[in-house]
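Visitor: Next come a sequence and a model predicted from it.
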Amino acid sequence: MVRHFHIDNPTMKNDSSTAGVHIPSARAIESVGAGGFRSDLLRSTSKSSAIKAEVRGLDFHYGGFRALKDVSMQVQANEVTALIGPSGCGKSTFLRCFNRMHDLYPGSRYDGEIRLYPDDVNLLAPDIDPVETRIRIGMVFQKPNPFPKSIFENVAYGLRITGEKRRQVIHEKVEKALRDAALWDEVKDRLHQPATSLSGGQQQRLCIARTLATEPEIVLFDEPTSALDPIATASIEELIIELKERVTILIVTHNMQQAGRVSRYTAFMYLGELVEFGETSRIFTRPAKRETENYITGRFG
Ligand SMILES: Nc1ncnc2c1ncn2[C@@H]1O[C@H](COP(=O)(O)OP(=O)(O)OP(=O)(O)O)[C@@H](O)[C@H]1O
């Protein structure tokens, strides 16, 4: 079945099967409510209601395996959109299409489009340079992966590969990125120490600073806190909420409370399909689909 999800009506206007809305158990609501919805996120209507990206009929194959099936969805600018679903449903595969990460491996095939606005370019078009795309669309991985370089050089790296040579500009941009990643105060006196001397949470904020340095339009977070303790997790979540003022964010998470805390929109995926998409508060309290309800109530996955 072809499903198209549009932000102008997040309650699935094109889906004919929404008539029987299932109300989830109290446990589902509690399980998210424990972390607390950020109701301020929902009130903070972003400066615009612009669409940053639109996924149209996206299929993705690993060789002969069809990992994404006709996914269509809009991504709202300056908001956080969470991707949830059981292991193996295609969340990371979907995320990696946005910055053409799959191009690095042979046998991958994209069909469909991801249109990036306001330029209105198709990120999956063959004439789009994947390296340039990865600068415009940054990514932060599950495990912090700093380069074996100094703290400073980790952040300067992206600037150097974009051809920036002016020392002063590099210094200013490194400082700004570290400030934006809420790390500056902790590292300003040790910029030339190895990045590996930082704690796990600091390393993840360094990876965020490294991504921010080249001023991306979208940042993709693939389970960014799964390797971190609760305190480091809280600081990354705070950062994600702040960053959406400047960038558009897509985040894969297995943590329902986290999706409830940081995201305004949630997409539930299952077996390579986008099953349901809408405002996070609705998805967790009034999911329209049985599969979504089963997932958020912990009945599978
Ligand atoms: N490099 C690959 N080659 C072949 N199949 C792959 C490859 N990477 C992922 N897959 C398959 O694609 C499907 C989607 O995987 P993906 O990693 O996107 O799922 P996910 O929802 O992110 O899972 P998880 O939550 O466990 O990280 C799975 O069936 C997986 O086995």
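Guide: Structure received. These figures come from a predicted structure and were not determined experimentally.

Visitor: Phi, psi for I114 please.
Guide: With angles defined as degrees, to the nearest 10, I114 sits at phi -120, psi 110.

Visitor: That one reaches G57, doesn't it?
Guide: No. The criterion here is C-beta atoms under 8 Å, and I114 misses it with G57 at 10.3 Å. From N, CA and C alone the C-beta is placed, and that goes for glycine too.

Visitor: More neighbours: those two, which one.
Guide: I114 (26 against 13; other C-beta atoms under 10 Å).

Visitor: Enumerate the residues of the stretch 51-200 of the chain near the ligand.
Guide: Y62, F65, A67, G85, S87, G88, C89, G90, K91, S92, T93 (C-beta under 6 Å from any ligand atom).

Visitor: so can I have JSON lines of the residues you listed showing distance to L220, pLDDT and secondary structure?
Guide: Shown next, in JSON lines, are those (distance: C-beta to C-beta, whole Å; pLDDT from 0 to 100; DSSP: H, G, I helix; E, B strand; the rest coil):
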{"residue": "Y62", "distance to L220": "18", "pLDDT": "96", "secondary structure": "strand"}
{"residue": "F65", "distance to L220": "22", "pLDDT": "96", "secondary structure": "strand"}
{"residue": "A67", "distance to L220": "16", "pLDDT": "98", "secondary structure": "strand"}
{"residue": "G85", "distance to L220": "16", "pLDDT": "96", "secondary structure": "coil"}
{"residue": "S87", "distance to L220": "18", "pLDDT": "94", "secondary structure": "coil"}
{"residue": "G88", "distance to L220": "19", "pLDDT": "95", "secondary structure": "coil"}
{"residue": "C89", "distance to L220": "17", "pLDDT": "96", "secondary structure": "coil"}
{"residue": "G90", "distance to L220": "14", "pLDDT": "97", "secondary structure": "coil"}
{"residue": "K91", "distance to L220": "11", "pLDDT": "97", "secondary structure": "helix"}
{"residue": "S92", "distance to L220": "9", "pLDDT": "97", "secondary structure": "helix"}
{"residue": "T93", "distance to L220": "12", "pLDDT": "97", "secondary structure": "helix"}
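
Visitor: Now the buried members of those.
Guide: Buried by 16 or more other C-beta atoms under 10 Å: A67, G85, C89, G90, K91, S92, T93, out of these.

Visitor: show me where the chain has helices.
Guide: 26-33, 39-43, 91-98, 130-136, 151-161, 167-180, 184-187, 200-212, 230-243, 256-262, 280-285, 290-296 (DSSP state H).

Visitor: and the fifth one, what other elements does it pack with?
Guide: The elements that helix 151-161 packs onto, with contact taken as 3 or more C-beta pairs under 8 Å, 6 or more residues apart in numbering; DSSP states H and E, are helix 167-180, helix 200-212.

Visitor: Deepest in the core, which of these is it.
Guide: Most buried of the helices and strands packed on helix 151-161 by mean neighbour count (mean count of other C-beta atoms under 10 Å) is helix 200-212; its value is a mean of 24.

Visitor: Grab the most central residue of this structure for me.
Guide: For the chain, L250 is the residue whose C-alpha lies nearest the centre (C-alpha atoms, centre = their mean; 2.1 Å).

Visitor: Let me know whether that residue touches D222 as I believe.
Guide: No. Using C-beta under 8 Å, L250 is not in contact with D222; the gap is 9.2 Å.
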